[in-house]
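Engineer: what follows is a predicted protein model with its sequence.
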Amino acid sequence: MVMHFKTLELNPDQKVIWEATENANPAWIGTHISTQITETEEGCSVIFSHSGFDTQWAGKDPFELTKGGWEHFVKSLTSYCETGEGQPW
């Protein structure tokens, strides 16, 4: 799968925001993916978002596939951080 992104903001070790410019899933085009990492007393906090979807995609397969994919990857990342094992596709 080919994906292309434009970096809108980059603060090393803190925050990155990308804009999707090319993707096989048409719902992604023009959306923003943001990850922000903050050090805490317990370790770190990760805030992730994928925003800016056009309302035309609400409830349709391209959007629902995106939700399911991110749910999988966030659970996999959590598992990896807690146990050292993620769940690759």
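Structural biologist: Now that the structure is in, tell me what you want to look at. None of the values given here were measured: they were computed from a predicted structure.

Engineer: drop to CA atoms for contacts and neighbour counts, all remaining ones
Structural biologist: OK.

Engineer: now do the helices in this structure.
Structural biologist: 61-83 (DSSP state H).

Engineer: the strands in it, which residues?
Structural biologist: Ranges of strands within the chain are 3-11, 15-23, 32-40, 43-51, based on DSSP state E.

Engineer: could I get those strands as JSON lines with mean neighbour count and distance to residue 77?
Structural biologist: JSON lines is the format used below for the strands of the chain (neighbours: other CA atoms under 10 Å; distance: least, CA to CA, whole Å):
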{"stretch": "strand 3-11", "mean neighbour count": "13", "distance to residue 77": "20"}
{"stretch": "strand 15-23", "mean neighbour count": "18", "distance to residue 77": "17"}
{"stretch": "strand 32-40", "mean neighbour count": "15", "distance to residue 77": "13"}
{"stretch": "strand 43-51", "mean neighbour count": "12", "distance to residue 77": "11"}
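
Engineer: out of the ones you listed, nearest to residue 71?
Structural biologist: Closest to residue 71 of those, according to CA to CA: strand 43-51, at 11.3 Å.

Engineer: which residues touch that closest one?
Structural biologist: For strand 43-51, contacts defined as CA atoms under 8 Å, 6 or more residues apart in numbering pick out 31, 32, 33, 34, 35, 36, 37, 38, 39.
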